[in-house]
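Enquirer: Provide a 3D model corresponding to the input given below.
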Amino acid sequence: MSKLDAVLDHIDAHIDESLSRLEALVRFKSISTDPAYNDECRKAADWLAGELNGIGFTAEVRDTPGHPMVVAHDADQAEKTGPSVLFYGHYDVQPVDPVDLWNTDPFEPTIVERKGVKMMMGRGTSDDKGQLLTFVEACRAYKAVAGSLPLAVSFLFEGEEESGSPSLLPFLHANKDELSKDLALVCDTGMFDADTPSITTMLRGLVGEEIIITAADRDLHSGMYGGPAANPIRILSKILADLHDENGRVQIPDFYEGVQELTPEVKAQWDALPFDGKSFLGEVDLSIPAGETGYSVYEQINARPTCEFNGIMGGYTGDGFKTVIASKASAKVSCRLVGQQDPDKIRDNLRAFVEARVPADCTVTFEEHGAGPAHSLSPDFPPLAKGAQALKDEWNKDAILMGMGGSIPIVGEFKTILGMDSMLIGFALDEDNIHSPNEKYNLKSYHKGIRSWARVIASLADA
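Expert: Below you'll find the predicted structure:
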């Protein structure tokens, strides 16, 4: 029997103990955004450090201005093969409101079965406690069977991911030399479906901007001033309409600079997926794709840049009617970025686009709401092939190289601050209700997730 086979057998034989540890972690009410739960966040960090110390890591709970970080390094100094890796996850969770919509106590993990599928209910089971424990449990099994890991493994567990990570960047800068490794492994992602493993190789970046246009020095009576007086709502509406052409392409100058088309191999893989754009839109009572002409719905949400309007305000918005010309109007605009698009250049060009369309007797001001570049892994990135093969060996299906419409800022920060690329492998499902009542994690996701990470560790170590 090979060492890997022995590790996998150990995982299977001790899966009930692994589930018990997940239950223990879920019971911590580690809601990072609410100061009332600061002690619970600390307890969760202490518990994780204790578990890692217990399996041969040197783990510490490090204080920050906010919630603590957990940092751990393998105490075994034996010679390792393959890349050194930093595994990242977060132990904090979203609030549980509205609690009356939960079918079970959010912090009392409960195993239920639906249509033959067993799952654990509870806040954080999927995002991200169950996910991060899949890797911890794979390391535990390796240590139990072989006495050591074949890779140099370190951990970084954060306690503020669900509240904007205010302490993360200073912590990364202050501990750059300690945390910089050959490769980051991130588990805060999912699978294409319950039977199809996936590696997320593309994450969209983000630019957030608020546009505020001011015309008159006060709100005006529309009967007295309507017509000659500049109306900031009308000006803003015209500018927003100008941001897209009739084919859905964004008209900000140089917006598509750095946007890369899919490789033929990835496009063929995506085209073969059982994804129906009409059904996807139908789930939210829509039917007509409104994005860039010439790209499938799946491509639009995973691999194309966007410019969207997230909020607009101006004039009287209360009950009833008021015939007023507002003095100000504002809009919140977000651009999702892909490839090598430069967030700073996108912001500058968006502002110039708006300023050129504002009348001379009106003013425009802007407020930044964050920015970060997109992330993508080259198909030729060596660990990618090893990870994909390991997942195929476990799931008996080719791993999908997925895009992700959202953003995971830590991935960009690992690249820019620590100089590391990240491989994102997770086992969550779209149906897991993360951030919502009745969050759950399939027991299959948890069990096979542990086995998958054991295979990935072995594959990466096979230098």
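
Enquirer: And the lowest-mean-pLDDT helix or strand in the chain, what does it pack against?
Expert: Sorted by mean pLDDT, DSSP states H and E, the helices and strands of the chain end with strand 375-376, the least confident at a mean of 86. In terms of contacts (3 or more Cβ pairs under 8 Å, 6 or more residues apart in numbering; DSSP states H and E), strand 375-376 is packed against strand 198-203, helix 409-418. Every residue, glycine included, has its C-beta placed from N, CA and C.

Enquirer: What strands flank the shortest one, and is each parallel or antiparallel?
Expert: Strand 198-203 has the following sheet partners, assigned by DSSP bridges: strand 375-376 (antiparallel), strand 400-404 (parallel), strand 421-425 (antiparallel).

Enquirer: okay if I get those as CSV plus mean neighbour count and distance to Glu158?
Expert: Shown next, in CSV, are the strands paired with strand 198-203 (neighbours: other Cβ atoms under 10 Å; distance: least, Cβ to Cβ, whole Å):
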stretch, mean neighbour count, distance to Glu158
strand 375-376, 22, 17
strand 400-404, 22, 19
strand 421-425, 23, 14
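
Enquirer: among those, which is nearest Leu179?
Expert: strand 421-425 (12.7 Å; Cβ to Cβ).

Enquirer: now the least confident helix or strand of the chain, how far from the chain's geometric center?
Expert: Centroid displacement of strand 375-376 relative to its chain, using Cα atoms, centre = their mean, to the nearest Å, is 12 Å.

Enquirer: Ile55 and Arg140 touch, don't they?
Expert: Yes. In this structure Ile55 lies within contact range of Arg140 using Cβ atoms under 8 Å: 4.9 Å.

Enquirer: Looking only at neighbour counts, state which of these two leads.
Expert: Legend: neighbour count by other Cβ atoms under 10 Å for Ile55 and Arg140, higher for Arg140 (25 against 19).

Enquirer: Please, which helix or strand holds the more buried one?
Expert: Per DSSP states H and E: Arg140 is located in helix 129-146.

Enquirer: cool, and Glu299?
Expert: Residue-wise, Glu299 maps onto helix 297-303 under DSSP H and E.

Enquirer: ok, Gly82 - contacts?
Expert: Contacts for Gly82 (Cβ atoms under 8 Å, 6 or more residues apart in numbering) come out as Pro150, Leu151, Leu460, Ala461, Asp462, Ala463.

Enquirer: and with 10 Å instead?
Expert: Counting by Cβ atoms under 10 Å, 6 or more residues apart in numbering, Gly82 makes contact with 150-152, 182-183, 383, 386, 457-463.

Enquirer: Please apply the same query to Leu273.
Expert: Leu273 sits next to Phe192, Asp193, Thr196, Ser296, Tyr298, Ile400, Met402 when contact means Cβ under 10 Å, 6+ apart.

Enquirer: Kindly provide the distance from the residue nearest the centre of the chain to Val145.
Expert: Per Cα atoms, centre = their mean, the C-alpha nearest to the average position across the chain is that of Ile408, at 3.7 Å. Ile408 sits 32 Å away from Val145 when distances are taken as Cβ to Cβ, to the nearest Å.

Enquirer: same check, this time on Leu424
Expert: Leu424 is 27 Å from Val145, by Cβ to Cβ.

Enquirer: tell me how far the helix holding Glu299 is from the chain's mean position?
Expert: Distance, centroid of helix 297-303 to centroid of chain: 16 Å (Cα atoms, centre = their mean).

Enquirer: how about the helices in the stretch 51-200 of the chain?
Expert: 129-146, 168-174, 176-179 (DSSP state H, counting those that start in this stretch).

Enquirer: closest one to Ile312 among the ones you listed?
Expert: Among the helices of the stretch 51-200 of the chain, the nearest to Ile312 by Cβ to Cβ is helix 168-174 (31.0 Å).

Enquirer: now the closest one: how far from the chain's centre is it?
Expert: Its chain's average C-alpha position is 19 Å from that of helix 168-174, according to Cα atoms, centre = their mean.

Enquirer: Flag every buried residue along it.
Expert: Leu168, Phe171, Leu172 (16 or more other Cβ atoms under 10 Å).

Enquirer: right, and the last one touches Gly412 too?
Expert: Okay, so that is Leu172. No. With contact defined as Cβ atoms under 10 Å, Leu172 does not reach Gly412; the gap is 11.3 Å.

Enquirer: circling back: downstream neighbour of the helix holding Glu299 in the secondary structure list?
Expert: Assigned by DSSP H and E, the successor of helix 297-303 is strand 306-314.

Enquirer: quick revisit: okay if I get the strands paired with strand 198-203 as CSV plus distance to Ile235?
Expert: Formatted as CSV, the strands paired with strand 198-203 follow (distance: least, Cβ to Cβ, whole Å):
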stretch, distance to Ile235
strand 375-376, 36
strand 400-404, 36
strand 421-425, 42
